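Trainee: okay, predicted coordinates and the sequence, questions at the end:
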Amino acid sequence: MEALRNLRRRQRIAFNYGLWLALLGTFLIAILDAFDGYRHMMTFVDNYMYLVVYFLAGMLTARKAGVVTHSGLAGRWTAFFSVLFGLVYEAIVYLFQFAAFHTLPKFITDIEFGDVHAPITLIFLSLIACGLLAFVTALTVVIGWGIGALGGLLGKAMFKAPAGSDY
């Protein structure tokens, strides 16, 4: 019973670090984008910032939980929430740009809506976008898991386990 309680506690630690560090990373990227004028020129910095956030999630989870096994889980949660919060952030930015400037993305304006094939084209583009989103999300979660596990190894090295622990 005690082992199950410790397992749940460690999973909760990984989830909490994943949630809050993903929110922090998205907030920092929003600040960088604001300084960049929403031109998204700093995507290089944005991507590396997320890698640092995954690493921190793994490291902090290993230090708090006392074991490395849940560091990868913290990295996966961080990656998943980063994608989720990033999508919400990008949707807000694009809606703001549409409301302020009344411009649609170029691929939508290129479609001639009087054409019979316009609805099929939109459906096809939507399916491609959903497939790419699923692929990128899966890839991001796997990368987050790996980087989080590496962070957990460093957190383990910095953490001194008490005698008799399952470390």
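Mentor: Received, thanks.

Trainee: quick check: L56 vs T69, distance?
Mentor: 18 Å (C-beta to C-beta, to the nearest Å). Backbone N, C-alpha and C define where each C-beta goes, glycine included.

Trainee: what about these two, which has more around it?
Mentor: Neighbours were counted for L56 and for T69 using other C-beta atoms under 10 Å; L56 has more, 22 against 17.

Trainee: list the buried ones in stretch 16-28?
Mentor: Using 16 or more other C-beta atoms under 10 Å as the test for burial, stretch 16-28 gives N16, Y17, G18, L19, L21, A22, L23, L24, G25, T26, L28.

Trainee: mind checking the SS state of T78?
Mentor: For T78, the assignment made with DSSP: H, G, I helix; E, B strand; the rest coil gives helix.

Trainee: am I right that it is in contact with A57?
Mentor: Yes: if you go by C-beta atoms under 8 Å, T78 and A57 touch, sitting 4.2 Å apart.

Trainee: and the helices in the protein?
Mentor: Using DSSP state H, the helices of the chain run over 2-36, 43-65, 71-101, 106-109, 118-158.

Trainee: between helix 71-101 and the first one, find me the angle.
Mentor: Going back to what we said before, that points to helix 2-36. Orientation check (axes from the mean of the first three to the mean of the last three C-alpha atoms, to 10 degrees): helix 2-36 against helix 71-101 gives 30 degrees.
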